[in-house]
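>>> compute the structure for the input listed below.
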Amino acid sequence: MEYHRGTVGTYQRWADLAGDENYTWLNVLPYFKKSTTLTPHDYSKRDVKNATVFFDPTVFDNSLDGPGQVSWRGNWLTLPELGLLSPYSRLVCLLAIWVSAAALFLLLVPG
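The predicted structure follows:
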């Protein structure tokens, strides 16, 4: 499965369109921190020689013990390794991720 956050500019655009500063990056970041726990990359497990992992550890706070586990390929099994090779299986997984993320966001963001 894949985890992705929007850019600072994306959240600013959302806030501008909604006319509500609660949707800016700095205002949604605490909810991202509450909802995830980061397992940093383990270079000894990565089999990709031509890719480097860059991330900002300050946008995660493992002390909050968020339910969403975030990591990189090499630390966890991939979809093909789990036997999910068909396009339909991938679509179902991606839809489940987006629906779950949207539901979690709606639960965490105050009215």
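>>> assumed residue 2 was part of a strand.
No - under the criterion used here (DSSP: H, G, I helix; E, B strand; the rest coil), residue 2 is coil, not part of a strand.
>>> need the pLDDT of it.
pLDDT, residue 2: 70.
>>> please enumerate the strands of this structure.
For the chain, applying DSSP state E gives strands covering 36-38, 68-70.
>>> give me every residue that touches residue 32.
By Cβ atoms under 8 Å, 6 or more residues apart in numbering, residue 32 lies in contact with 5, 59. C-beta: built from backbone N, CA, C; applies to glycine.
>>> which pLDDT does the model give it?
With respect to pLDDT, residue 32 has a value of 90.
>>> deepest in the core, which of the strands of the chain is it.
Neighbour counts (mean count of other Cβ atoms under 10 Å) averaged over each of those peak at strand 36-38, with a mean of 19.
>>> what's the closest of the strands of the chain to residue 59?
Taking Cβ to Cβ, strand 36-38 is the member of the strands of the chain nearest to residue 59, at 8.9 Å.
>>> ok, residues contacting the closest one?
Contacts for strand 36-38 (Cβ under 8 Å, 6+ apart): 3, 55, 57, 60, 62, 64-71.
>>> and with 7 Å instead?
Contacts to strand 36-38, defined as Cβ atoms under 7 Å, 6 or more residues apart in numbering, come from residues 60, 62, 65-66, 68-70.
>>> no further questions, thank you.
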